[in-house]
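Q: Sequence below, structure please.
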Amino acid sequence: MSDARYLVQLAGVRRRDIVLSVLAGSITLLAALALTVLSGWLITRAWEMPPVLHLSVAITAVRALGISRAVFRYIDRLVSHKLGLRALTTLRARVYDAMAHSAHPVSRGEGHIRLVADTERVTDFIVRTVIPVGVALVLSVAAVAFTAWLHPLAAVVMALAMAATGILIPWIAVRVNARRSHIDAADDFQVRLDAVLEHRVEYQAAGRADAQLEAAVEASRRSSAEMVAAQRPEALSDGIQAWATGIAALLVTVIAVTGYSGNPVWLGMLVMIPLAAFEAHGPLATAAIHGADASVSVRRLRGLVDTRSQDHPERTETSAVHARDLHTVYGDTVWNFCLPAGDRMLVRGPSGCGKTTMLETVAGLVPVASGQVTRPASARFFAEDGWLFSTSVRENIHVAAPEATDALMAEVLEAVGFEFDLDFVLADGAESLSSGQRRRLLLARALCSDADVLLLDEPTEHLSPDAADAVLDMLLHQPLPGARAWRTVIVVAHTDGPVGVEVFKPVG
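A: Below is the predicted model of the structure:
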């Protein structure tokens, strides 16, 4: 399947939507072409000084065409941008889903590139490549056909000029910068910038902050230089396009003046045709460049979406969580456990043994390397680095529990020892809280959700020993605060000893 067809299918774009957008754009430029041609006829006809009533129909038509051009331009923009925004929404949802279930997780910087830059290039392909090319094709056929009716030789010149401006020049614009190196440079800068912003504290502690910052600055310079270099072919093609259009108009005028033997009134129309016929060819060089950029993005998105993991845990009617000879994609531990509904399990072990990956595998976020794992349909993983938004505590909990009431959230926050109220605004997101308070808020978010199974990754990290023991006792032995007091819970905790699994039955 071609990149273009795959792209359109991936974005959920229907053929009739594209046809409607092309139709609206074509009517706009056909109205402009008719307006220009009719104006030429009106000028030459008025030169003969007929009674003014003989010109009234043409005068009215000029007004109607001028109004219709503006109206259909608005409709064109409305339809095409609605199509583009709908495609962008669909595409980002699919890319996000693919990243969430990818067998090869991407970094935050790479994820930003896939979700923002790549998806925008893809929608630019639809709005700025597919639709303009379709409109240019319709207008070119109409202009050449009408010119051929007036003067076949002039039509040949028009066709050759349109082939140059519509095919040759866009092809040259793409070939001049075929490597698309500006895309790689921009992506490299985005990844390095994200790493510096996200891990600046770790880099500072390791003594690498200055080196990482300098690398990001150098990547920024390289990205700017590559972007400037990429703009040169586009600017050059625009200049050549203008020259080609002018030469075509001049040649048609010369042919019309020297070789046209029909009604002089129609001569004005023949001379005016090239002035409007090439309007649709203006954006074609840019459209070709957008198409080439999109081809890079669509290949990357194809690789991401097509490799979306299909090897998820089996979701069954049972309420138990069962792992049999489970090997995860990270870590050497072989997992075997059966956790009945409502029981609690504590998983201990050192860093690198695969505890977090096991939780992600049970949740269906990471594929099973080998073995088997089954779980209820409603199981939710809560990461230790879950995102906290720059909004109120209430809205941060609503991310996972949109139906939670204020009373329920307040009860849970008190139970986990979170000291701020629901209206407290995290102006800087997670940076507004200490590490311990951040863990308490993430735990409150988990407890407010109504999932059958909670998969909690190190919820007691950064808490004092007494506070950590109290939280663990609540999670493993007591009725839970929040949406459901009795449900299955798997808790991961870090220890320096061997990997161990303990199953508890809560009291109550």
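Q: In CSV, could you pull the C-alpha coordinates for stretch 248-257?
A: Taking Å, rounded to 0.1, in the frame of the first residue of the first chain, the C-alpha atoms of stretch 248-257 are listed here in CSV:
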residue,chain,number,x,y,z
ALA,A,248,3.1,31.5,-20.5
ALA,A,249,0.8,34.5,-20.3
LEU,A,250,3.1,36.4,-22.7
LEU,A,251,3.3,33.5,-25.2
VAL,A,252,-0.5,33.1,-25.2
THR,A,253,-0.9,36.8,-25.7
VAL,A,254,1.5,36.8,-28.7
ILE,A,255,-0.2,33.8,-30.2
ALA,A,256,-3.6,35.4,-29.7
VAL,A,257,-2.6,38.7,-31.2
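Q: number of nearby residues for Ser390?
A: Neighbourhood size, Ser390 [other Cβ atoms under 10 Å]: 14. The C-beta positions use only the backbone N, C-alpha and C, and glycine is treated the same way.
Q: Equivalent analysis for Thr245, please.
A: Neighbour count of Thr245, defined by other Cβ under 10 Å: 21.
Q: got the contact list for it?
A: By Cβ atoms under 8 Å, 6 or more residues apart in numbering, Thr245 lies in contact with 161, 165, 274, 278, 281.
Q: run the last query once more with 10 Å
A: Going by Cβ atoms under 10 Å, 6 or more residues apart in numbering, Thr245 touches 161-162, 164-165, 274-275, 277-279, 281-282.
Q: now swap in Arg128 and tell me
A: Going by Cβ under 10 Å, 6+ apart, Arg128 touches 80, 84, 121, 283, 286-287, 289-291, 293-294.
Q: Quick check: mean pLDDT of the helix or strand hosting Ala98?
A: Assigned by DSSP states H and E, Ala98 belongs to helix 56-100. Averaged over helix 56-100, pLDDT sits at 85.
Q: Return the list of helices and strands in contact with it.
A: Using 3 or more Cβ pairs under 10 Å, 6 or more residues apart in numbering; DSSP states H and E, the elements in contact with helix 56-100 are helix 3-10, helix 15-47, helix 108-112, helix 119-125, helix 131-150, helix 284-306.
Q: quick one on the thing from earlier: and which of the contacts of Thr245 is nearest Ala235?
A: Checking the contacts of Thr245 against Ala235 by Cβ to Cβ gives Gly282 as the nearest, at 13.2 Å.
Q: Could you check how many residues crowd around the nearest residue to that closest one once chain neighbours are set aside?
A: Leaving aside its sequence neighbours, Gly282 sits nearest to Gln241 (Cβ to Cβ, 6 or more residues apart in numbering; 6.4 Å). Residues near Gln241, counting by other Cβ under 10 Å, number 23.
Q: Provide the backbone phi and psi angles at Gln241.
A: Main-chain dihedrals, Gln241, degrees, to the nearest 10: phi -60, psi -40.
Q: which residues sit in contact with it?
A: Taking Cβ under 10 Å, 6+ apart, we find Gln241 in contact with 164-166, 169-170, 173, 278, 281-286.
Q: Against Arg300, how distant is Arg128?
A: Taking Cβ to Cβ, to the nearest Å as the criterion, Arg128 is separated from Arg300 by 19 Å.
Q: again with Leu65
A: 45 Å.
Q: just Val22 next, same as before
A: 27 Å.
Q: which of these two has more neighbours?
A: Remark: of Val22 and Arg300, Val22 carries more neighbours, 22 against 18, as counted by other Cβ under 10 Å.
Q: Adding neighbour count, distance to Val57 and pLDDT as columns, could you present the contacts of Gln241 in TSV?
A: Shown next, in TSV, are the contacts of Gln241 (neighbours: other Cβ atoms under 10 Å; distance: Cβ to Cβ, whole Å; pLDDT from 0 to 100):
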residue	neighbour count	distance to Val57	pLDDT
Ala164	18	37	85
Thr165	26	34	84
Gly166	24	34	85
Ile169	22	39	82
Pro170	24	40	85
Ala173	25	43	77
Phe278	26	28	83
His281	25	31	84
Gly282	16	31	80
Pro283	20	34	83
Leu284	24	35	84
Ala285	25	39	81
Thr286	19	39	82
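Q: So for the strand or helix carrying Met158, what gets flagged as buried?
A: Assigned by DSSP H and E, Met158 falls within helix 152-163. Residues of helix 152-163 classed as buried: 154-155, 157-159, 161-162 (neighbour count, 16 or more other Cβ atoms under 10 Å).
Q: cool, and stretch 29-46?
A: By neighbour count on 16+ other Cβ under 10 Å, the buried set for stretch 29-46 is 29-42, 44-46.
Q: Please apply the same query to stretch 496-507.
A: Those would be 499, 501, 506, for stretch 496-507 by 16+ other Cβ under 10 Å.
Q: got a list of contacts for stretch 466-480?
A: Looking at what lies outside stretch 466-480 - Cβ under 10 Å, 6+ apart - the contacts are 343-346, 412, 415-417, 436, 439-440, 443, 446-447, 454, 456, 459-464, 481, 485-487, 489-491, 493, 502-508.
Q: can you tell me the average pLDDT over the helix holding Met158?
A: Per-residue pLDDT over helix 152-163 has a mean of 85.
Q: do the same with stretch 129-137
A: pLDDT averaged over stretch 129-137 gives 90.
Q: and what of stretch 27-46?
A: For stretch 27-46, mean pLDDT rounds to 81.
Q: Dump stretch 472-484 to PDB, restricted to CA.
A: Provided in PDB are the C-alpha atoms of stretch 472-484 (Å, rounded to 0.1, in the frame of the first residue of the first chain):
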ATOM      1  CA  LEU A 472       1.400  -0.500  53.200                       C
ATOM      2  CA  ASP A 473      -0.700  -1.800  56.100                       C
ATOM      3  CA  MET A 474      -3.800   0.000  54.600                       C
ATOM      4  CA  LEU A 475      -3.200  -1.300  51.100                       C
ATOM      5  CA  LEU A 476      -2.500  -4.900  52.200                       C
ATOM      6  CA  HIS A 477      -4.600  -5.600  55.300                       C
ATOM      7  CA  GLN A 478      -7.500  -3.100  55.600                       C
ATOM      8  CA  PRO A 479     -10.600  -2.100  53.700                       C
ATOM      9  CA  LEU A 480      -9.500   0.500  51.200                       C
ATOM     10  CA  PRO A 481     -10.700   4.100  51.200                       C
ATOM     11  CA  GLY A 482     -12.100   5.300  47.900                       C
ATOM     12  CA  ALA A 483     -14.400   3.900  45.300                       C
ATOM     13  CA  ARG A 484     -14.200   0.300  46.400                       C
END
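Q: Return the set of buried residues in whichever helix or strand Leu408 is part of.
A: Using DSSP H and E, Leu408 maps to helix 406-416. Going by neighbour count (16+ other Cβ under 10 Å), the buried part of helix 406-416 is 408-413, 415-416.
Q: Just the closest of those residues to Ser140, please.
A: Distance to Ser140, by Cβ to Cβ, is smallest for Met409 among those, at 62.1 Å.
Q: that older thread, can I get the buried residues of helix 406-416 in JSON lines including pLDDT?
A: Below are those laid out as JSON lines (pLDDT from 0 to 100):
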{"residue": "Leu408", "pLDDT": "93"}
{"residue": "Met409", "pLDDT": "94"}
{"residue": "Ala410", "pLDDT": "93"}
{"residue": "Glu411", "pLDDT": "93"}
{"residue": "Val412", "pLDDT": "93"}
{"residue": "Leu413", "pLDDT": "93"}
{"residue": "Ala415", "pLDDT": "92"}
{"residue": "Val416", "pLDDT": "90"}
